[in-house]
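J.: Next comes the sequence, and after it the predicted model I'd like to discuss.
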Amino acid sequence: MALIDEKRPRKAPALGATVRYTSLALASFALLSANTANASRPRTVTTQDRSGAVILWDATPEISRYAADGTPTREALRSLESEALGIFIGNAPQLSRTQHHLRVVVSFAQTGVTDPRYQTKTFGIKTFLTVEGNISSRTRYPRNWADQLKHGITPPSIKIELARDLPTYNQ
């Protein structure tokens, strides 16, 4: 006796069930992110899109720490760029076995910081910056890439792009 009646058409899951599962996944990611505020390594999730591999990094703990410490914007930006580029370079060799393109998306959760433009609390997830480029098993990155980045030089074939709508709190 079969457990599934092959003659009956299958019903699509109810919209409410899909929303519940999606909400559960987002809530789980948010809890994992909240529990890693003291972690020394960034918490990332690796996925894939049409272009290739995508690494999602929730940098909320780092950005919150910079804001609380009063870190100058340029210094915080350089640190986040360096960490994102390190994630790219650290993962590229392994991912290049099956992928030809890699993108690191650095995002943060707006959790009630007052938006200076509207003087209201803001909530949501924003992309801070992206690091992307083509990867290959033959690609070699310079050992001193972190020092070069301090001078504004990124490794060949890697592009760092800042979001255009970032808040500016302190220069």
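T.: Nice, I can see it. Residues are numbered from 1 along each chain as shown.

J.: List the buried residues of the lengthiest helix in the chain.
T.: For the chain, the longest helix by residue count, based on DSSP state H, is helix 73-95. Residues 76-77, 80-81, 83-89, 91-92, 95 are the ones in helix 73-95 that count as buried (16 or more other CB atoms under 10 Å). C-beta here means a position set from N, CA and C on the backbone, and glycine is covered the same way.

J.: Can you show me the strands along this protein?
T.: Ranges of strands within the chain are 44-48, 53-58, 101-115, 120-134, 158-162, based on DSSP state E.

J.: Deepest-packed of those strands, please.
T.: Here the criterion is mean neighbour count by mean count of other CB atoms under 10 Å, and of the strands of the chain the winner is strand 53-58, at a mean of 20.

J.: quick check: mean pLDDT across that one?
T.: Throughout strand 53-58, pLDDT has a mean value of 95.

J.: and if you look at stretch 103-114?
T.: Averaging the model's pLDDT scores along stretch 103-114 yields 81.

J.: same thing with stretch 67-74?
T.: Mean predicted confidence for stretch 67-74 is 88.

J.: What is the end-to-end distance of it?
T.: 12 Å (CA to CA, to the nearest Å).

J.: same deal with stretch 140-150?
T.: Here the two ends of stretch 140-150 are set 19 Å apart, with distance taken as CA to CA.

J.: Now that stretch: buried residues?
T.: 141, 145, 149.

J.: Looks like the second one contacts L85 (just checking).
T.: This points to W145. Yes: under the criterion of CB atoms under 8 Å, W145 makes contact with L85 at 6.6 Å.

J.: Mind listing the shared neighbours of these two?
T.: When contacts are counted by CB atoms under 8 Å, 6 or more residues apart in numbering, W145 and L85 are jointly contacted by 154-155.

J.: wait, isn't T154 in contact with I160?
T.: Yes: using CB under 8 Å, T154 and I160 qualify as a contacting pair, with a distance of 5.8 Å.
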